[in-house]
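> next one to model:
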Amino acid sequence: MIWQRVRVALLATIVALAAALPVAPGSKALAGDCPAPACKTAPGGEIIPGAPSAGPGAPSAGPAMRTITVTELVPEQYTSTRTVYKTEQVQEKYTAYRIERVPEVQTRTVTVYEKVPVQETKTRTICEKVPVCEERTCMEKHWVCKQVTTCKKKCVDKGHYECRTVECKPGLFDRLCSKKKGCCDDSCEAPKTKTVRVWVPCKVWIDEPCTKTVRVCEYRPVTKTVKTCKNVVRHETYTCTVMKCVPKQKTETVTVCVEKKIPYEACRTVCRKVPVEEKVTCTRMVKRCVEKQVPVCEPAPVCEPSCEPSCEPACKPARKKLFGNKCCK
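As a prediction, the model looks like this:
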């Protein structure tokens, strides 16, 4: 209980000190403060904050005014001079050159080459063929008869004879008798047969050796003396006439065309930039101090320490900050 009473006493002291402090003009009310009274209306139609508004039939009262100094940017016109370059066409004279060809006689020394016969001694190499007898070994042909054995295929018939019964062919007499009798029924006589010896073939291929004499060519080395030509190289010195070019100095006079530069005066048009000064009007922003009349708002009502419903929002922040969330009782 004692601590609760001490808290209430401290809260009442803080509220009293806050109400005694002056309110700065133009400052905004904090959230939770007491509502400010309505503003007054100035004679020019301006609304003065903090002044109570008059009723529709009430006469308007004069607001409290004060003078303040404000810095503003004011446009200022000034005249300046600037340099501008303008292009102008100017005629100027200059020295030009033209090329002309002028004939001129000149003397010059020329080197001429002439052909002169000169005797020279030279050496040459000669290759001669000399007959020589040489012994050489050469291969000669010799024909020789040799016995050669070869095998050849031979077909041999290794058959045999067999005895077979063969029907006899009717003779001339039998054919004449058969025509006379006219035998056409089955009661005719049986055909006559005979036994014949018949050869039954049996062919077989066999290899049969065959020896024969063949003439063969053989090459045998033989040493012979052969006549041939051998190349012999020898050096020979001889004299010959050679045409040589000999330089000679010769002086001659010639007419040549020489290019010469002849000066003359010409005129041309040249573009030049000429500086010209001109005046220009410019605008700049200047800082100036201006005095103004501002209405003064009435001070806000002071909250009572006894936490009334109208001032309770103003007291709540102080209680929360100092003593927590408990309500002042």
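
> residue 286 bridge partners, please.
residue 74 (DSSP bridges).

> and it, what pLDDT?
Residue 286 is assigned 88 on the pLDDT scale.

> thought it was touching residue 77?
No. Taking contacts as C-beta atoms under 8 Å, residue 286 lies outside contact range of residue 77: 10.6 Å. C-betas here are computed from N, CA, C, even on glycine.

> now for the strand or helix carrying residue 227, which elements pack on it?
For residue 227, the host element (DSSP states H and E) is strand 203-295. On a contact count with 3 or more C-beta pairs under 8 Å, 6 or more residues apart in numbering; DSSP states H and E, strand 203-295 meets strand 65-157.

> averaged pLDDT, the strand it packs on. What do you get?
The model assigns strand 65-157 a mean pLDDT of 89.

> what's the following helix or strand past it in contact with?
Counting by DSSP H and E, the next helix or strand C-terminal to strand 65-157 is strand 160-167. Contacting residues not belonging to strand 160-167 are listed as 191-200, 202 [C-beta atoms under 8 Å, 6 or more residues apart in numbering].

> try stretch 273-281
77-88.

> which among these gets closest to residue 243?
Minimum distance to residue 243 across the contacts of stretch 273-281 is 76.9 Å, recorded for residue 87 (C-beta to C-beta).

> okay, now that closest one: neighbour count?
The tally of other residues near residue 87 (other C-beta atoms under 10 Å) stands at 8.

> give the contact list for it.
Going by C-beta under 8 Å, 6+ apart, the list of residues near residue 87 reads 271-274.

> would you turn those into TSV with neighbour count?
Formatted as TSV, those follow (neighbours: other C-beta atoms under 10 Å):
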residue	neighbour count
271	8
272	11
273	10
274	10
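
> would you format those residues as a markdown table with distance to residue 248 and pLDDT included?
Output for those, formatted as a markdown table (distance: C-beta to C-beta, whole Å; pLDDT from 0 to 100):
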| residue | distance to residue 248 | pLDDT |
| --- | --- | --- |
| 271 | 64 | 90 |
| 272 | 65 | 87 |
| 273 | 68 | 90 |
| 274 | 71 | 88 |
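
> nearest to residue 209, of these?
Once C-beta to C-beta is applied, the member of those that ends up nearest residue 209 is residue 271, at 127.9 Å.

> and the closest one, how far from residue 265?
21 Å (C-beta to C-beta, to the nearest Å).

> now the contacts of strand 160-167 as JSON lines including neighbour count and distance to residue 73?
Converted to JSON lines, the contacts of strand 160-167 look like this (neighbours: other C-beta atoms under 10 Å; distance: C-beta to C-beta, whole Å):
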{"residue": "191", "neighbour count": "9", "distance to residue 73": "167"}
{"residue": "192", "neighbour count": "11", "distance to residue 73": "171"}
{"residue": "193", "neighbour count": "10", "distance to residue 73": "167"}
{"residue": "194", "neighbour count": "10", "distance to residue 73": "169"}
{"residue": "195", "neighbour count": "8", "distance to residue 73": "168"}
{"residue": "196", "neighbour count": "11", "distance to residue 73": "164"}
{"residue": "197", "neighbour count": "8", "distance to residue 73": "164"}
{"residue": "198", "neighbour count": "10", "distance to residue 73": "159"}
{"residue": "199", "neighbour count": "9", "distance to residue 73": "157"}
{"residue": "200", "neighbour count": "9", "distance to residue 73": "154"}
{"residue": "202", "neighbour count": "9", "distance to residue 73": "150"}
